[in-house]
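Got a predicted structure plus its sequence, pasted below:
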Amino acid sequence: MIVLRYITIRRYQVSATVLIATVLLVSVAIGAAAYLWATRTIPVSVQEPLAVTNYPATISTHPGENMTLNITITDSASADFAVTLRFNLNDTTYQQSYVQFSNYTYSIVPGSNQIQGWLKVAGNAPPADLQLTVQFERE
């Protein structure tokens, strides 16, 4: 059995253990550097696929009437979604006392979707100037 304790390189004597450890360490470092050069970071963006693209600009109705609300929702994804519309007037007391809204869940498919909601004003409702906010929630 031959045991090398030192290796002579030109006029230097190097410990065989240190030489082997250095070679292994350099090999691992080169392998890691090559792996790091092969790694890429790619930005990923998940965007809202639904957009309300058409809705009534103004709504004018009278006490005791029902009003249809035509709304267009565009689905830019390749998936179907279930959507619920949430209607809110800027006067919650008036809304709770005199106005009802449709509370449907709509099936939205890729492309343009024409949906209809409605509002009903009670016959005893006083005149009012209000603002309506319509929010959609994906389920």
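Received the coordinates, thanks. What you are looking at is a predicted structure, and each value in this text was computed from that prediction instead of being measured. Residues are numbered from 1 along each chain as shown.

Apart from its chain neighbours, what residue comes closest to residue 49?
With sequence-adjacent residues excluded and distances taken as C-beta to C-beta, 6 or more residues apart in numbering, residue 49 is closest to residue 77, at 3.5 Å. Using the backbone N, CA and C atoms, a C-beta is placed for each residue, glycine as well.

Confirm that the one you found sits in a strand.
No. Assigned with DSSP: H, G, I helix; E, B strand; the rest coil, residue 77 falls outside any strand and is coil.

Would you mind confirming that it makes contact with residue 51?
No. Contact status for residue 77 versus residue 51: not in contact, 10.9 Å apart, counting by C-beta atoms under 8 Å.

Which pLDDT value goes with residue 62?
The score at residue 62 is 96. That number is its pLDDT.

wait, isn't it in contact with residue 121?
Yes. Distance between residue 62 and residue 121: 7.1 Å, which falls inside the contact criterion (C-beta under 8 Å).
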